[in-house]
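Peer 1: How does the following fold in three dimensions:
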Amino acid sequence: MELLRFQQACLAFGTNPILDHVDFSLFSGERVCLVGRNGAGKSSFLKLLTGQQNLDDGQIVVNTGVVLSRLEQDPPAKMDTKIADFIREGAGDLAEKLQQFYTLSENLEGAGDAEYRLFEQLQNEMDTRDGWSLEARVSDICQQFEMDPDASLATLSGGWLRKAALGRALIAKPDILLLDEPTNHLDLAAIQWLEQFLLNFNGAIIFISHDRAFIRALATRIIDLDRGELTSHPGNYQEYLDRKQKMLEDEQKHNALFDKRLAEEEVWIRQGIKARRTRNEGRVRALKALRQERAARLEQQGKVDFNIEQANRSGKLVFEGKGMCLAFNGKPVMEQLDLLVMRGDRIALVGPNGVGKSSLIKVLLNDYQVDSGEVKRGTNLEVAYFDQHRIALDLEATVQDNVADGKQEVQQNGQSRHVLSYLQDFLFPPARARTPVKALSGGEKNRLLLAKLFARPSNLLILDEPTNDLDVETLELLEDILQQYQGTVLLVSHDREFVNNTVTSSLLFAGNGRIIEIAGGYDDVTAYQARQASKASPAKTTATRQATTAEKPPEPEAATVVNALDKNAKKLSYKEKRELELLPQQIEQLDAELSALQLQVNDPEFFKRNAADSQQTLNLLQQTESKLALAYARWEQLEALNS
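Peer 2: Numbering: from 1, shown residues only. Model prediction:
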């Protein structure tokens with residue numbers, strides 16, 4: 001069923017078209033990802049749906065009764081609010097009117113006609129909007145999200161604040177959920193939880209995201225916003241990328257042929273007096289039309305083109321830590337950590353928010369002192385530090401002053417270059433380069449911070465959440481730059497695909513001060529965690545069985561398998577001899593099944609599947625391991641009896 005549609009929608013800011021006579025429809029159950037370059041107008045598109053922005057022309061038709069709700073990107077203005085009250089506010093005036101109804105109902109005796117009419121009006125509105133179940137819905141959401149309704153928002157971390165904001169958006173029972181960069185600043189566990197929740201959401205979703213793994217997991221359709229045109233691409237994200245590349249190639253070929261024809265006609269019109277006397281007036285009119293078409297053409301925005309100014313090489317040893325221990329308020333951040341970072345390493349710091357990733361960086365940079373242990377730092381280190389909070393940017397100063405410190409030139413590869421020319425590599429035209437930083441979008445601020453860092457020589461890059469708000473093309477270019485960077489990189493990011501494409505190893509913060517080094521990126525970390533979980537499963541199963549045994553004696557056959565070998569047992573019976581003959585084949589079969597299951601679990605795509613399917617496979621893996629262990633135990637027992 002169609003929920004809403006755009007009809008010849010037009011929106012422009014100055015001469016920059018955001019929507020140019022766009023048609024678009026959204027249907028029930030769709031999960032549509034809106035993609036486009038920074039500044040293309042994606043957030044404006046969502047604002048049109050929520051009424052925060054009006055069209056210049058055309059119309060947006062929303063079907064009767066369809067409810068839209070938006071997941072707010074910014075943190076709440078008031079943090080001293082209870083979670084339940086914050087979620088309830090998402091229902092708009094419904095809570096206030098419900099309270100007004102109860103107040104009127106208690107004072108109806110002796111009320112006048114106006115009060116009775118208001119009472120009936122409120123009652124009808126509660127029936128229509130399902131206001132009677134509001135408190136039950138607030139309670140259900142808090143229970144589903146495992147949040148204490150009476151807790152204050154001020155006690156919540158970033159991930160839990162995002163959960164509360166999602167609960168606030170859901171309280172209105174929306175048919176359409178709007179999400180703008182929902183994964184920003186979330187750790188991997190929170191992103192995976194959000195993915196699974198949205199996959200199970202019954203309504204339609206329109207979301208903006210530059211997290212490619214998130215898009216691949218969630219989107220059923222991609223809509224591309226480019227120079228005022230909205231193009232729909234059904235199917236998965238990779239199919240969209242292939243189609244988009246083909247469209248851009250076709251556009252370039254068409255423009256090249258057009259420009260060649262225009263150039264030929266311009267040569268013809270400039271021929272001598274005799275030629276002008278005999279020229280074809282229809283051809284002249286056609287040339288004027290070509291000129292108008294060329295003037296109206298919207299050129300594709302250029303690509304970001306930057307290089308990192310590299311300093312002289314650092315020493316071969318960058319950091320070495322031995323037995324490092326650090327704790328805050330009795331909570332261990334690192335416990336007996338031995339760490340070796342060599343020149344050229346590209347290392348990701350992986351783990352939940354608040355586990356100590358930034359603390360380790362500060363220890364390495366000598367901003368924090370360890371409680372015990374030793375830290376050795378290499379020689380000739382030139383550090384470039386990308387801070388996710390953008391503290392290095394002066395919001396009141398202009399873009400060019402932030403990069404060049406008030407000068408007109410920057411040094412790049414040993415040569416002077418005008419700052420405006422340098423900033424154009426980062427897609428800041430001269431007019432934008434003179435704009436105060438506070439007027440920039442989030443993606444532009446991140447691009448500016450990269451421009452500021454890369455203008456200075458470095459041989460050690462420390463990047464803390466550099467991918468937030470960057471468009472996909474800039475992300476991919478940054479990936480290529482980091483792969484070619486000759487220095488050392490320490491990266492904190494929850495963008496799974498960016499980490500996979502960038503680093504050579506990962507430091508997994510496993511909690512309680514344990515930090516484990518794993519070769520590879522996020523997929524390798526996930527595979528390691530799956531292996532650890534599968535190793536722990538047999539022990540857990542044995543412990544469960546032992547606890548059950550203490551309460552209830554096992555059945556005779558089960559007891560035969562798990563009991564220790566009885567030295568005085570009789571020789572094998574015919575049935576036991578037959579069992580012994582068949583056990584090697586059974587063990588071989590179980591071993592083959594176990595290997596096949598482990599291959600599934602180790603597949604990088606495994607944990608992107610539906611949670612119910614992946615859990616079923618993990619349960620089967622656990623059961624197969626237990627069966628194999630029991631088969632080995634029984635075989636050893638029967639072999640001993642047969643000897």
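Peer 1: Could you use CA atoms for every contact and neighbour count after this?
Peer 2: OK.
Peer 1: tell me the contacts of the nearest residue to Asn500 once chain neighbours are set aside?
Peer 2: Leaving aside its chain neighbours, Asn500 sits nearest to Gly521 (4.5 Å; criterion: C-alpha to C-alpha, 6 or more residues apart in numbering). Residues touching Gly521, when contacts are defined by C-alpha atoms under 8 Å, 6 or more residues apart in numbering, comprise 348, 496, 499-506.
Peer 1: and if you look at Asn512?
Peer 2: Shown here is Asn512, whose contacts under the criterion C-alpha under 8 Å, 6+ apart are 331-335.
Peer 1: May I ask which of those has the most neighbours?
Peer 2: Per-residue neighbour counts (other C-alpha atoms under 10 Å) across those peak at Met334, which has 25 neighbours.
Peer 1: and that one, which of the three is it?
Peer 2: Here Met334 is strand, with the state taken from DSSP: H, G, I helix; E, B strand; the rest coil.
Peer 1: How about it: which residues does it bridge to?
Peer 2: According to DSSP bridges, the partner residues bridging Met334 are Leu326.
Peer 1: ok, it to Ala189 distance?
Peer 2: Look at Met334 and Ala189: by C-alpha to C-alpha, to the nearest Å, they are 21 Å apart.
Peer 1: same question, Phe24
Peer 2: Taken as C-alpha to C-alpha, the span from Phe24 to Ala189 is 34 Å.
Peer 1: again, but for Leu166
Peer 2: For Leu166, the distance to Ala189 under the criterion C-alpha to C-alpha works out to 16 Å.
Peer 1: Ser534 too?
Peer 2: From Ser534 over to Ala189 (counting by C-alpha to C-alpha), the distance is 19 Å.
Peer 1: neighbour count winner among the two?
Peer 2: Regarding Ser534 and Ala189, a neighbour count based on other C-alpha under 10 Å identifies Ser534 as having more, with 19 against 14.
Peer 1: That one and Leu621: what is the separation?
Peer 2: According to C-alpha to C-alpha, Ser534 and Leu621 sit 7 Å apart.
Peer 1: Same check on Ala154?
Peer 2: Relative to Leu621, Ala154 is positioned 42 Å away (criterion: C-alpha to C-alpha).
Peer 1: what does Leu153 give?
Peer 2: According to C-alpha to C-alpha, Leu153 stands 40 Å off from Leu621.
Peer 1: Please apply the same query to Asn16.
Peer 2: Here the criterion is C-alpha to C-alpha. By it, Asn16 lies 56 Å from Leu621.
Peer 1: Ala311 too?
Peer 2: To Leu621, Ala311 is 51 Å away according to C-alpha to C-alpha.
Peer 1: and those two? which has more neighbours close in?
Peer 2: In terms of neighbours (other C-alpha under 10 Å), Leu621 is the more surrounded of Ala311 and Leu621; the figures are 22 against 18.
Peer 1: ok, and the closest non-adjacent residue to that one?
Peer 2: The shortest distance from Leu621 to any non-neighbouring residue, by C-alpha to C-alpha, 6+ apart, is to Leu597 (6.0 Å).
Peer 1: so that neighbour touches Gln622, yeah?
Peer 2: No - checked against C-alpha atoms under 8 Å, the pair Leu597 and Gln622 is beyond contact range at 9.7 Å.
Peer 1: By average pLDDT, which secondary structure element in this protein comes out worst?
Peer 2: In the chain, no helix or strand scores lower on mean pLDDT, DSSP states H and E than helix 556-562, which sits at a mean of 37.
Peer 1: burial of Val186, as a residue count?
Peer 2: Residue 186: Leu, not Val. Using other C-alpha under 10 Å, Leu186 is surrounded by 22 other residues.
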